[in-house]
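A.B. asks: Predicted model, plus sequence, below.
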There are 2 protein chains.
Amino acid sequence: MGIQERKGREKEHRKEEIISAAQKIFFEKGLQAATMDEIAEAAELSKGTIYLYYKSKEDLYLAVMIRGMEILAEMFEATNKAGEPVITRISKLGQAYQQFFRSQTNYFRMFRFFENPQFHTQVSPDMNTLCIQSNQRVWKAVIELIQEGIDQDLIKSELSAAETAIILWSTSTSLMYRIDSQYEHWKATMGVDLEEVLQKSNRLLFEAMLTTKGIEQNSLLQPEPIEN
Amino acid sequence: MGIQERKGREKEHRKEEIISAAQKIFFEKGLQAATMDEIAEAAELSKGTIYLYYKSKEDLYLAVMIRGMEILAEMFEATNKAGEPVITRISKLGQAYQQFFRSQTNYFRMFRFFENPQFHTQVSPDMNTLCIQSNQRVWKAVIELIQEGIDQDLIKSELSAAETAIILWSTSTSLMYRIDSQYEHWKATMGVDLEEVLQKSNRLLFEAMLTTKGIEQNSLLQPEPIEN
DNA sequence: GTAACAAATGACCTGAAGTCATCAAATAGG
DNA sequence: CCTATTTGATGACTTCAGGTCATTTGTTAC
């Protein structure tokens, strides 16, 4: 029954079109200010049709966010495939995350909502599962790489790979959020350049987590520090 | 004119009563799910009266959040007044923040909204100013203490006091958010105990930031590590 | 005792999320 | 090819919550 398959494809295609329209509006206005009527208009569909494909505004928001997570996952997986030394790949992963933050800021901002427990109560279980899967794909790339580093005695083993990953991720992410929303405020009131803080914090944590061997290899492979 | 003063006091008192009612509802339901009608009922006032005292739901939310910030600021300032060695006070400040997180979780959760740029667009400039002031009181306590540490050669001076404070704060805060919202998830899917991660991350960062002299004093003053 | 002012009220307005009876199009069957 | 049935799309409508304002109630001043 080729018709069933075609219909399935068309349905997927329609869903993607709706996501694209929603993305445009959400990027422009954010979750709150965006309206389903606007999204429907951007998708050139009626509001009722949107609700045929997505259960709620929040579900649709997450569908857009998942796109962002997939992009990030692909960036991370790409750095892992490059066949370079572990220490270089770790460093490049960090750079990739920063690059994501800068080139895909709109997606990056959406991640914040996924971390808000209040938000999750408004989302369908199905969409939640999809998000978690997508999220795990990102974490998997990070944790596996760090595990390699531990196995090769480049990263200290006092913390597990997952623990190390969480600390690195959390620190970077929260500083990026801050850069995104408060850069000017910190510059003006405290004279602090949050961009520098991010670089310094990365270096500090990186060095605190590397073994002697790791530090050695790092300095060999990266005579020019990243931050300049 | 004693009447003017009494009226002023009564107005302030009324405002506090409204905040208390709002707090109850916001704590129970969160920003989104709480309604102004509920808050009005809890305050035993009509909805119109609430709007006489606060411009919007978001303003009222921030008014409650400021209470939380004042509590935290007082906790921080109290540790600074104790007349103990700097290194002890730094350690106690970290403990105070964790204690705030655990005993005032509802307030802690509200802080998240203050960091959301989307949220700020819905808030009156006046309330925003109040928040920033309150927020700065907290930062002031942290930064001044770290500056003392730098001056006494206990904390490395490669980072400024403000920079050090931001890194410590951001890392702790983001891990606490994660504990609050995803503790079970990490335990179940990765076998990671986020509580331990927080302790380990604090120790790691602390040690990365202390000078040799600082580490020495720390081990002298705190033979029993905090985390056990 | 009453005029002027301030505080409080709740019916009302507005806008947006979400629904559903109705309509249109595609498919299947004769 | 034409009709019956199922699937997809629609937008007027319902509901609900934030915010407003004409009116009422209470307080102060003279």
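C.D. replies: The structure has been received and is ready for your questions. Computed from a predicted structure; not experimentally measured.
A.B. asks: Can you tell me which residues in chain A are near DNA strand C?
C.D. replies: Proximity of chain A to DNA strand C, by C-beta under 7 Å from any atom of the strand, involves residues A:1, A:3, A:6-7, A:34-37, A:47-48, A:51, A:56-58, A:122. All C-beta atoms are positioned from the backbone trio N, CA, C, and that covers glycine.
A.B. asks: Check those one by one and keep those near chain B.
C.D. replies: Here is what survives when these are matched to chain B using C-beta under 8 Å from any C-beta of the partner chain: A:Gln122.
A.B. asks: burial count for A:Gly191?
C.D. replies: Using other C-beta atoms under 10 Å in any protein chain shown, A:Gly191 has 9 other residues around it.
A.B. asks: Name the nearest of the residues of chain A next to DNA strand C relative to chain B.
C.D. replies: A:Gln122 (7.4 Å; C-beta to the nearest C-beta).
A.B. asks: Was I right to think the closest one contacts B:Gly30?
C.D. replies: No - A:Gln122 sits out of contact with B:Gly30 when judged by C-beta atoms under 8 Å, with a separation of 10.2 Å.
A.B. asks: Those two: which has the busier surroundings?
C.D. replies: A direct count of neighbours by other C-beta under 10 Å for A:Gln122 and B:Gly30 places B:Gly30 higher, at 19 against 14.
A.B. asks: State the next helix or strand along the chain beyond the helix or strand containing the more buried one.
C.D. replies: In this structure, B:Gly30 is located in helix B:2-33 according to DSSP states H and E. Proceeding N to C from helix B:2-33, the next assigned helix or strand is helix B:36-42, under DSSP H and E.
A.B. asks: What is the next helix or strand after that next one packed up against?
C.D. replies: On the C-terminal side of helix B:36-42, the closest following helix or strand by DSSP H and E is helix B:47-53. In terms of contacts (3 or more C-beta pairs under 8 Å, 6 or more residues apart in numbering or on different chains; DSSP states H and E), helix B:47-53 is packed against helix B:2-33, helix B:36-42.
A.B. asks: and helix B:47-53, anywhere near DNA strand D?
C.D. replies: Yes - applying C-beta under 7 Å from any atom of the strand, one finds helix B:47-53 in contact with DNA strand D at B:47-48, B:51.
A.B. asks: ok, the residues you listed vs A:Thr105, which is closest?
C.D. replies: B:Tyr51 (35.4 Å; C-beta to C-beta).
A.B. asks: Per-residue pLDDT of that closest one, please?
C.D. replies: On pLDDT, B:Tyr51 comes in at 98.
A.B. asks: any idea how far B:Ala40 is from it?
C.D. replies: 9 Å (C-beta to C-beta, to the nearest Å).
A.B. asks: just to revisit the earlier point, indicate which one of the helices and strands packed on helix B:47-53 is closest to DNA strand D.
C.D. replies: With C-beta to the nearest atom of the strand as the measure, helix B:36-42 is the member of those nearest DNA strand D (3.6 Å).
A.B. asks: So which elements touch that closest one?
C.D. replies: Using 3+ C-beta pairs under 8 Å, 6+ apart: helix B:36-42 touches helix B:2-33, helix B:47-53.
A.B. asks: switch to 10 Å and redo it
C.D. replies: When contacts are defined as 3 or more C-beta pairs under 10 Å, 6 or more residues apart in numbering or on different chains; DSSP states H and E, helix B:36-42 sits against helix B:2-33, helix B:47-53, helix B:57-81.
A.B. asks: Identify the residues contacting it?
C.D. replies: Residues outside helix B:36-42 that contact it (C-beta atoms under 10 Å, 6 or more residues apart in numbering or on different chains) are B:17-26, B:28-29, B:34-35, B:45-51, B:54, B:56-57, B:60.
A.B. asks: Show the buried residues in those residues.
C.D. replies: B:18-19, B:21-26, B:34, B:45, B:50, B:54, B:57, B:60 (16 or more other C-beta atoms under 10 Å in any protein chain shown).
A.B. asks: quick one: contacts of the helix or strand bottoming out on mean pLDDT in chain A?
C.D. replies: Every helix and strand of chain A was ranked by mean pLDDT, DSSP states H and E. The lowest is helix A:117-120, at a mean of 88. Outside helix A:117-120, the residues that touch it by C-beta under 10 Å, 6+ apart are A:31, A:58, A:61-62, A:112-114, A:127-128, A:131, B:29-33, B:109, B:112-113, B:177, B:180-182.
A.B. asks: and which of the buried ones among the contacts of helix B:36-42 is nearest to DNA strand C?
C.D. replies: Distances from DNA strand C to these, taken by C-beta to the nearest atom of the strand, are shortest for B:Leu45, at 3.8 Å.
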